[in-house]
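1. Have a look; sequence and predicted model below, questions after that.
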Amino acid sequence: MTPRALRRWFGIHKWTSLVCSIFLLIVCVTGLPMLFSEQIFDTFVGDDDPPYESLPADTPNASLDVIVHKAMALYPGQIITSVNPEDDEPAVLISMAPSWQALKDDETYPDRHSGHWIKFDARTAKVLKQSRPADAPKEPRSWTGVILGTCTRLHMNLFAGLPGALFMGAMGAVFVASLVSGTVLYGRFMKRLPFGSVRTDRASRLTWLDLHNLLGATTLVWATVVGFTGLVNELQTPLFGLWRVTDVRQILKPYANLPVPSQGHLSSVQGAFDTAAKAAPGNEVTGLSFPGASFGSPVHYVLWTRGATPLRARLFTPVLVDARTGELTGAYPMPWYLRFLEISRPLHFGDYGGIPLRILWALLDMVVIFVLVSGLVLWAGKRRIATDARLRALGYDLNEVDALPALAESAR
Amino acid sequence: MNAVSPSPVVTPRPSVAIWLWPIVLGLLTVFGLLSALLGQHGIWLALSWTALSIPLIVTVACLLRAWCRTPSVKGGQS
């Protein structure tokens, strides 16, 4: 490598790292509690849900139609927006609202919440719990909730919504660039050193440099994977938007101008679940949205199905069932870019291999924090050298200044 | 791996020697990330945990070696 190329790589590494390091530090630190959010909630908050009736394990589930009719009877005149069977407990969540228009208006008035939900026992179709009414006094937020909420928002978008998410995505790209340039520099620095050497007997700057190189090299691939998949995750809103204006618009075009039929005259919800399960073999149906939802068609149930294997569990295939007739309209596998997004999620979250994997994620994350900090130390040290040189050129005696704290120390 | 030489005048090492360890650790990381994702069962999970711990273990081993063999005389920030 020519000295000129080396200088260029060094410049790239310095500037890309400086640009992203403060945001990377935020992301690495806030990511730690997020990794264990489930455990933290279970330990410090728990839930106050009533216990489930103990029934024989082979008790069949009640028909979803029964549950839907019960919900309608509880709130006559309201609409059902979605039906979501829970995957880890025998419950079905029914979401309701006064009207689709009321839900749409909520977006313009952030303090209005017209939507609410009812939780049913999936086997007995009894009401287990309901969301707090919108006019009830607000539940005090637990400190765990506040901390985790703050961490999540900081991690995803710095409290700045979509622009924040895109900005963090850009920082992810800069981070990947800094990793690549760092790898090139590593090859150059290690020409005369065996792997893993940390020179502790010489200038402390060399120790920092060796630690930066060693820890960076051992976590390089993990950091690249988590950084890149993080960048992909930040792009989810535009990617879903792209899908909606291309494929989804095309599919829904013939129905776009039809009126939303009244919910009393729709085909069976249980039938729609069964039809969707047949239309997407190997997938499980995780939820259903009623006709009229903002992203769907005015006359279709939209059913969300997902793969049953862990790799495909995040790959969603929507299925449309005509809510007027109960006939299948079609299953629509997502385009490649959304499939890629769905695969990127587990690789970013580290939530697919039990607690040991989360712990490894946390440890690797802490090593990356150290690499970031050591990089900043090296940069700051370098700056001081440059400043010192400049000050000396101006005739200041720096040793005198440096000696002062030491004197104060020994005077104690 | 040899002990750290205090002298900077050492002949440059061939690329293979520089990249052997980073590549091995990188491949182990990739294997660890994918085996849990694709396998998801007992043995694959255990292999994933093992593979992903090795880079951390190697790091700790290098640090221990550096600070135990040549006790730092300068001390300093580290």
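-> Now that the structure is in, tell me what you want to look at.
2. Nearest to the spatial middle of chain B, which residue is it?
-> By CA atoms, centre = their mean, chain B has its centre lying nearest to residue B:58, at 3.7 Å.
3. Can you verify that residue is assigned to a helix?
-> Yes - per DSSP: H, G, I helix; E, B strand; the rest coil, residue B:58 lies within a helix segment.
4. State the distance from it to residue A:363.
-> 13 Å (CB to CB, to the nearest Å). Every residue, glycine included, has its C-beta placed from N, CA and C.
5. before we move on, back to that, please identify which helix or strand holds the closest residue to the residue nearest to the centre of chain B other than its chain neighbours.
-> Excluding the flanking residues, the one nearest residue B:58 by CB to CB, 6 or more residues apart in numbering or on different chains is residue A:218, at 6.0 Å. Using DSSP states H and E, residue A:218 sits within helix A:204-234.
6. Helix A:204-234 and the helix or strand just after that helix, what's the angle between them?
-> Per DSSP H and E, the first helix or strand lying C-terminal to helix A:204-234 is helix A:236-243. When axes from the mean of the first three to the mean of the last three CA atoms, to 10 degrees is applied, the directions of helix A:236-243 and helix A:204-234 differ by 30 degrees.
7. still on that earlier bit, and the helix holding residue A:218, what does it pack onto?
-> helix A:161-189, helix A:336-349, helix A:354-393, helix B:15-38, helix B:42-69 (3 or more CB pairs under 8 Å, 6 or more residues apart in numbering or on different chains; DSSP states H and E).
8. Looking at those, spot the one closest to residue A:103.
-> Nearest to residue A:103, of all those, is helix A:161-189, at 19.4 Å by CB to CB.
9. Output the contacting helices and strands for the closest one.
-> By 3+ CB pairs under 8 Å, 6+ apart, helix A:161-189 packs against helix A:3-35, helix A:143-157, helix A:204-234, helix A:236-243, helix B:15-38.
10. Packed most tightly, which of those would that be?
-> helix A:204-234 (a mean of 22; mean count of other CB atoms under 10 Å in any protein chain shown).
11. For the residue in the stretch 251-400 of chain A that chain B sits nearest to, list the residues it contacts.
-> As assessed by CB to the nearest CB, chain B sits closest to residue A:353 within the stretch 251-400 of chain A, at 3.6 Å. Applying CB atoms under 8 Å, 6 or more residues apart in numbering or on different chains, we find residue A:353 in contact with B:36, B:37, B:45, B:48, B:49.
12. out of those, which touch chain A?
-> Restricting these to those near chain A by CB under 8 Å from any CB of the partner chain leaves B:36, B:37, B:45, B:48, B:49.
13. neighbours around the residue nearest to the last one when sequence neighbours are not counted, how many?
-> Excluding the flanking residues, the one nearest residue B:49 by CB to CB, 6+ apart is residue A:356, at 4.6 Å. For residue A:356, the neighbour count with other CB atoms under 10 Å in any protein chain shown is 16.
14. picking up where we left off before, the helix holding residue A:218 to helix B:15-38, inter-axis angle?
-> Using the same axes, to 10 degrees: helix A:204-234 against helix B:15-38 is 40 degrees.
15. now helix A:204-234, how far from the chain's geometric center?
-> Relative to the mean C-alpha coordinate of its chain, helix A:204-234 is positioned 21 Å out (CA atoms, centre = their mean, to the nearest Å).
16. give me the low-pLDDT residue ranges for chain B?
-> Within chain B, the stretches with pLDDT under 70 are B:1-10, B:70-78.
17. What distance do you get for residue A:168 to residue A:16?
-> 15 Å.
18. Any regions of chain A where pLDDT drops low?
-> In chain A, residues with pLDDT under 70: A:1, A:47-48, A:134-135, A:137-139, A:310, A:391, A:394-412.
19. Can you tell me the SS state at residue A:259?
-> Looking at residue A:259 with three-state DSSP, the answer is coil.
20. and it, how many neighbours?
-> Residue A:259 has 9 neighbouring residues, counting by other CB under 10 Å.
21. so it sits right up against residue A:291, yeah?
-> No - with contact defined as CB atoms under 8 Å, residue A:259 does not reach residue A:291; the gap is 9.9 Å.
22. what touches both of those two?
-> residue A:298.
23. For residue B:32, which residues are in contact?
-> Here residue B:32 is in contact with B:47, B:48, B:49, B:50, B:51, B:52 (CB under 8 Å, 6+ apart).
24. how about a cut-off of 6 Å?
-> Neighbour list for residue B:32: B:48, B:51, B:52 [criterion: CB atoms under 6 Å, 6 or more residues apart in numbering or on different chains].
25. How about the last one: what's its closest non-neighbour residue?
-> Distances taken as CB to CB, 6+ apart place residue B:32 nearest to residue B:52, at 3.7 Å, with adjacent residues excluded.
26. Got the domain ranges for chain A?
-> A:3-39+A:145-233+A:354-390, A:64-138, A:236-349 (automatic domain parsing).
27. Can you lay out these as JSON lines showing distance to residue A:46?
-> Formatted as JSON lines, the domains of chain A follow (distance: least, CB to CB, whole Å):
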{"stretch": "domain A:3-39+A:145-233+A:354-390", "distance to residue A:46": "12"}
{"stretch": "domain A:64-138", "distance to residue A:46": "14"}
{"stretch": "domain A:236-349", "distance to residue A:46": "23"}
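28. Ok, which of the ones you listed comes nearest residue B:17?
-> domain A:3-39+A:145-233+A:354-390 (7.7 Å).
29. how far out from the middle of the chain is that closest one?
-> 20 Å.
30. so the residue nearest to residue A:345 when sequence neighbours are not counted, which of the three states?
-> Spatial nearest neighbour of residue A:345, excluding adjacent residues (CB to CB, 6+ apart): residue A:314 at 5.4 Å. Secondary structure for residue A:314, judged by three-state DSSP, is coil.
31. I figured residue A:314 was touching residue A:342, is that so?
-> Yes - under the contact definition of CB atoms under 6 Å, residue A:314 touches residue A:342, with a separation of 4.2 Å.
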